[in-house]
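# One predicted model, sequence on top.
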Amino acid sequence: MSSATTEAGVGGIRRSRRRMLFEDERWLAMALLSPTILLLGLFIAYPFVTGVMLSLSNARVGVPGEFVGFANFARLWNDPIFAKAVGNTFIYTAVTTVFKLALGLWLAVLLNRHFRGKALVRAFILLPFIIPTVLSTFAWKWMFDPTFSVLNWTFRTLGLIDTRINWLGDPDLAMLSVMIVNIWRGVPFYAISLLAGLQTISPDLHEAAAIDGARPWSRFWHITWPLLLPVTMVVVLFSVIQTFADFQLVYVLTAGGPANATHLFATYAYQVAIGTGLLSEGAAISLAMFPVLFLVVIIQLLYIRRVETR
Amino acid sequence: MIEGPLWRKWLFVNIPIILFVFVLLFPFYWMIITTVRPDSELYRPWNAPNYNPFWTWRPTLEHIQYLLEETLFSTWMLNTMLIAGISTIISVICGVFAGYALARLNFPYAAGIGTGIFVTYLVPQTLLFIPLSDIIRNFSLGDTPWALILTYPTFLIPFCTWLMMGYFKAIPKELEECARIDGASRFKAMLYIILPIAVPGILSAGIFAFTLSWNEFIYALVFLSSPEQKTVPVGVTSELIRGDVFFWGPLMAGALLGSIPVALVYSFFVEHYVAGMTGSVKG
Amino acid sequence: MAQVLIQSLNKKFDEVHVVKDVNLEIRDKEFMVFVGPSGCGKTTTLRMIAGLESITSGQVMIGDTVVNTLPPMDRDIAMVFQNYALYPHMTVYDNMAFGLKMRKFAKDDIRRRVQDAADILDIRDYLHRKPRQLSGGQRQRVALGRAIVRHPRVFLFDEPLSNLDAKLRVQMRIELRKLHERLGTTAVYVTHDQVEAMTLGDRVVVMRDGRVQQVGEPLELYYQPANRFVAGFLGSPAMNFATVRIEADPGGGFVAANEGLRLTVPPRLTDRVGPYAGRELTLGIRPEDLHIADASDPPDLVFDAVVEVIERLGSEALLVMRVGKDAMVASVEPTVPARMRDRLRIAINPERLHAFDMETGAAV
């Protein structure tokens, strides 16, 4: 017994330097974090700084450019298309968020009930969220086709219309169409996330409230909603960021058209920077999103901290 | 729960669910039916008489055949698979390491680094794609898979880190303390004890990361230019359209086939996927 | 096998000072129990011996090595945790073999040692099960088995029995004691349960607020508590305390009195109580050292009490009584004819009377 013990003890003393270094948790932590910090530094922090520099220069594709101060931002201030894109982005974010939340919550409450085939329904419902956005958006673009729209065919067959709806060709309708697709894609995410939140609420609470005489609607309002609020907050803030910075939907459906009526920050930045090669101005456009995103992130951080310290 | 009469259940539960499912899934049905429908049926104006757009009696594989033989679609599939696969592996490894460090180790600036990683989680790709395209060019990575393999982890790692951190925190600390007393170094305790227990979390992170990278669009659009380098979303968008003419049959076939790998991965790991998605929200 | 030497050990978490200047010698083959209320620093001390917690100042020696900076893997110790900490993804066999594999023991050696340990603990039949398929008691045995296969120099136990139900706890306590007799390995055992402390320990350390209150053999602590805290912490039901005033008796000696009682200080304590004449101090007497007075009891060791509650436990009866302003408990014959609200004459055993300083709590 004791011979084996001393063996182990002697082996223990002869540890290599490197191994002993990683027994110190500070060194181990640094080693474990270094690949992450390297990648995030190289491809997030560094481009952010470059982006700021770029937006303050007059660089174009292939031309390094010089420092021009806030000239790009001044030009944007007077650019009617930029103004339109800003307006569009806010409306787009606000309208779709309201609908996604309302429909998502409704769907989550429905899914929280017992019915046959629930697991299957839940699995299928997430498809719009997991299928690559660009690909499913093409299906919508085909459904919105000016000549061959299946939606128009259906409405006409039902006797609802007799002139075609030009879903993507009419400036106002185009914005609406884009929003519809965004809501379609976002509702499953809201529903499943909120469902996860709902499932953490003990059914006992509902039964207790029911015994106390609360009607279904007031049970929802006084019990479900307040308890669901933390999850809802995080889902909404997360989705607001994604929606505000959206690109794919608009790029595929309208590419910002017709007549620049549906541009968002990102699509306009893409058109200016990649389409026309004005890198600096494009960088300025996408950086213009930053204050709003920053605000949302701050709210989120404060909110998370508050929830954690409770 | 308290059950009301049957008609109420139909009106307030079953019918709304059926409507939701119908609306959410119809575009996919439309994708499938378009894929197998011959061109002669496809292009009938919306007000054509005697025409049922929802079904075909003459299914065809000509669009899929065209897609696979006349376009680079299979190359795009391989590219996407490779890029999504490698960037997922990189991200999961980085995320597991970083998540472990943040959840378990005490070190200076831990809170700051944690917040920093969380904040990058919220940085959308569209904020940085222009300067990043410049950097990619300067690193001579433009038009190579490495442009995406190295940049996709920027939005995958924060997510994986966040998810794994939550997962590790739920594993009792005593397990690794016991392993360390049993003679394991800190690193071995993580490798042999904590990681095997965290496999479900690692799967969730990996699956979610894989679908996210398959879905990514703007970096692939901006960083890649030659047709044979493209990923599925970008290839379908830019190469299946000639000027203003949309070839809807092959397009829908491309959308359908391009979705299949993700749908397959999803169908095998629904629970892990949902855990990953909701975990990313709950934090 | 080894002794553990702790010298001027301190631990601060940021500004919170949880272990204060602990000095202790744990002898080779000794079973040392740390006991105290939660937050007293006993677990932190144990974790510093294990190497799981860094040492703020002072030193820990195992055998004749200073282990302050040695990582846990190199200390050649084994630890049993409160929640067992069995590796859920490994079978019982692999759980027990893990430490040996980490130390690169030969395969045959590992098999032999695991089998031996399994025989000792009677868990041979479960070797190929996963921890989740075991009951609480079986898990506890596996955790013990994992500790003993390595023949470490020191066993550390962190409240290992507190997750078991009462009956199993008693059974495991006895087995732990037997195991220690058999293996003779130095053991450090942390618990908040004074019964475990009294029954398991060769010696017991009572801690409070990060400081060692007293170290000694169980009965030594019970009969000669160093201070009021130790006196009150050990023993169930707890010792009775009463604040009294010391007065010089005209007939020689001293009298301790308050509203409810008036006792002559036994000659044994006279010398030490003397300096307190005219001041207050705390008297302590254990419930079993009180009895219902009869003719043979000297009247100056008897007082009046009103019974408030009677708890008949079968082996004894506990009288919860009011004596002046104080509550006291007496442990008496189970058949005692007393009833609630009865007024009784209670006598004390003068040999077992304790006195404590009011301010420091130290035994007088």
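Perfect, thanks for sending it. Numbers count the residues shown, from 1 in each chain, chains lettered A, B, ... in the order given.
# Just the pLDDT at residue C:13, thanks.
On the pLDDT scale, residue C:13 is placed at 90.
# three-state assignment of residue C:60?
What DSSP: H, G, I helix; E, B strand; the rest coil gives for residue C:60 is strand.
# Within its local environment, how many residues does it see?
Residues near residue C:60, counting by other Cβ atoms under 10 Å in any protein chain shown, number 23. Placement of C-beta: from N, CA and C, glycine included.
# is it true that residue C:98 touches residue C:149?
No: Residue C:98 is beyond contact range of residue C:149, at 9.4 Å (criterion: Cβ atoms under 8 Å).
# Comparing these two, which shows the higher neighbour count?
Remark: of residue C:98 and residue C:149, residue C:149 carries more neighbours, 26 against 23, as counted by other Cβ under 10 Å.
# Can you tell me how far that one is from chain A?
Applying Cβ to the nearest Cβ, to the nearest Å, the value for residue C:149 to chain A is 11 Å.
# where's that residue relative to chain B, distance?
For residue C:149, the distance to chain B (Cβ to the nearest Cβ) stands at 10 Å.
# ok, that residue - contacts?
Applying Cβ atoms under 8 Å, 6 or more residues apart in numbering or on different chains to residue C:149 gives the contacts C:96, C:97, C:99, C:100, C:113, C:114, C:116, C:117.
# just curious, which of these is nearest to residue B:55?
residue C:97 (63.9 Å; Cβ to Cβ).
# The one helix or strand the closest one maps to packs against which elements?
Residue C:97 belongs to helix C:92-102 when assigned by DSSP states H and E. In terms of contacts (3 or more Cβ pairs under 8 Å, 6 or more residues apart in numbering or on different chains; DSSP states H and E), helix C:92-102 is packed against helix B:173-181, helix C:107-121, helix C:136-148.
# and the direction of the longest one versus that of helix C:136-148, what angle?
Pointing back at helix C:107-121 there. 140 degrees (axes from the mean of the first three to the mean of the last three Cα atoms, to 10 degrees).
# Helices along the stretch 1-150 of chain A, start to end?
Using DSSP state H, counting those that start in this stretch, the helices of the stretch 1-150 of chain A run over A:2-13, A:17-23, A:25-40, A:46-55, A:71-77, A:80-111, A:118-125, A:127-130, A:133-143, A:150-157.
# Show me the least confident stretch of those, going by mean pLDDT.
Ranked by mean pLDDT, the helices of the stretch 1-150 of chain A end with helix A:2-13 at the bottom, a mean of 40.
# can you list the helices and strands packed on helix C:92-102 in a markdown table and add mean pLDDT?
Below are these laid out as a markdown table (pLDDT from 0 to 100):
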| stretch | mean pLDDT |
| --- | --- |
| helix B:173-181 | 94 |
| helix C:107-121 | 93 |
| helix C:136-148 | 92 |
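# Now mean neighbour count too, for these, in CSV please.
Listed next are the helices and strands packed on helix C:92-102 as CSV, based on neighbours: other Cβ atoms under 10 Å in any protein chain shown:
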stretch, mean neighbour count
helix B:173-181, 24
helix C:107-121, 16
helix C:136-148, 23
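# Give me the phi and psi for the residue lying closest to residue A:246 once chain neighbours are set aside.
Distance criterion Cβ to Cβ, 6 or more residues apart in numbering or on different chains; nearest residue to residue A:246, sequence neighbours excluded, is residue A:264 at 5.9 Å. With angles defined as degrees, to the nearest 10, residue A:264 sits at phi -110, psi 180.
# was I right about residue A:264 contacting residue A:82?
No: Residue A:264 is beyond contact range of residue A:82, at 11.1 Å (criterion: Cβ under 8 Å).
# More neighbours: which of these two?
Per other Cβ under 10 Å, whichever of residue A:264 and residue A:82 has more neighbours is residue A:264, with 27 against 23.
# lowest average confidence, helix or strand, in chain C?
helix C:267-273 (a mean of 87; mean pLDDT, DSSP states H and E).
# Touching that one from outside, list them.
With Cβ under 8 Å, 6+ apart as the criterion, helix C:267-273 contacts C:246, C:253, C:254, C:256, C:265, C:281, C:350, C:351, C:353, C:355, C:364.
# again, but for stretch B:77-93
A:35, A:39, B:145, B:148-150, B:152-153, B:156-157, B:159-160, B:202, B:205-206, B:209-210, B:213-214, B:229-233, B:257-258, B:261.
# out of these, who's near chain C?
Counting by Cβ under 8 Å from any Cβ of the partner chain, nothing from those sits close to chain C.
# need the contact list for the nearest residue to residue C:27 once chain neighbours are set aside.
In space, and not counting its chain neighbours, residue C:27 is closest to residue C:3: 5.4 Å by Cβ to Cβ, 6+ apart. Contact analysis of residue C:3 by Cβ under 8 Å, 6+ apart lists C:25, C:26, C:27, C:28, C:30, C:61, C:62, C:63, C:186.
# in the host helix or strand of residue A:179, what's buried?
According to DSSP H and E, residue A:179 maps onto helix A:171-199. Within helix A:171-199, the residues that count as buried by 16 or more other Cβ atoms under 10 Å in any protein chain shown are A:173-175, A:177-198.
# Quick one: mean pLDDT over that helix.
What helix A:171-199 shows for mean pLDDT is 93.
# Tell me the helices and strands packed up against the first helix or strand past it going along the chain.
Using DSSP H and E, the helix or strand that follows helix A:171-199 in sequence is helix A:203-211. On a contact count with 3+ Cβ pairs under 8 Å, 6+ apart, helix A:203-211 meets helix A:216-219.
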